[in-house]
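In: okay, structure incoming, though there's no sequence with it:
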């Protein structure tokens, strides 16, 4: 693993990150304590927190947020402004009024070759199957099957109406 991305860009915060070969990180991105697979491209204004694993040849568009507990498979597309959430019941303070620093971390897994549209919000504790397509602006509150197409708030499976995602195997067997 490399200790830095393959390109040089100003105004990046990169701390304790494992990089595969040929990773590009654009300016104004914050990456810390994560692992980024070979050939991945990370756009500007992206934050990737500690413990996140990004597979190989992924594309993470600008203004996206990947929080602790997220794992992306290989060749995942993350559209502009996509957000992951890792706390089901967030609170600023605990029962005594002290600043809350503890919460139950729930993992979120995105399968290889899945695509998440711009502005998608992915709640914690879900799995998005391989080759699934999440529409722009969707709010994913439950698991998405492999090769499914989901959209809406909350995200609903539209595969029967729209078919499976391009390049995905047919659901007919």
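Out: Yes, it's here. Not measured: the values here are computed from a predicted model. Numbers count the residues shown, from 1 in each chain.
In: now the helices for the protein?
Out: Using DSSP state H, the helices of the chain run over residues 159-162.
In: ok, now which ones touch the residue nearest the centre of the chain?
Out: The C-alpha lying nearest the average C-alpha coordinate of the chain belongs to residue 66 (CA atoms, centre = their mean; 5.2 Å). Shown in contact with residue 66 (CB atoms under 8 Å, 6 or more residues apart in numbering): 34, 46-49, 52, 54, 60, 72, 78, 84. The way it works is simple: take the backbone N, C-alpha and C, and place the C-beta from them, glycine included.
In: same thing but at 6 Å, please
Out: 48, 52, 84 (CB atoms under 6 Å, 6 or more residues apart in numbering).
In: before we move on, what about residue 70?
Out: Counted by CB under 6 Å, 6+ apart, residue 70 has contacts 52, 84, 108.
In: can you rerun that using 10 Å?
Out: 34, 48-49, 51-54, 78, 84-86, 107-110, 122, 124 (CB atoms under 10 Å, 6 or more residues apart in numbering).
In: again, but for residue 118
Out: So residue 118 contacts 61-64, 78-82, 135-137 (CB under 10 Å, 6+ apart).
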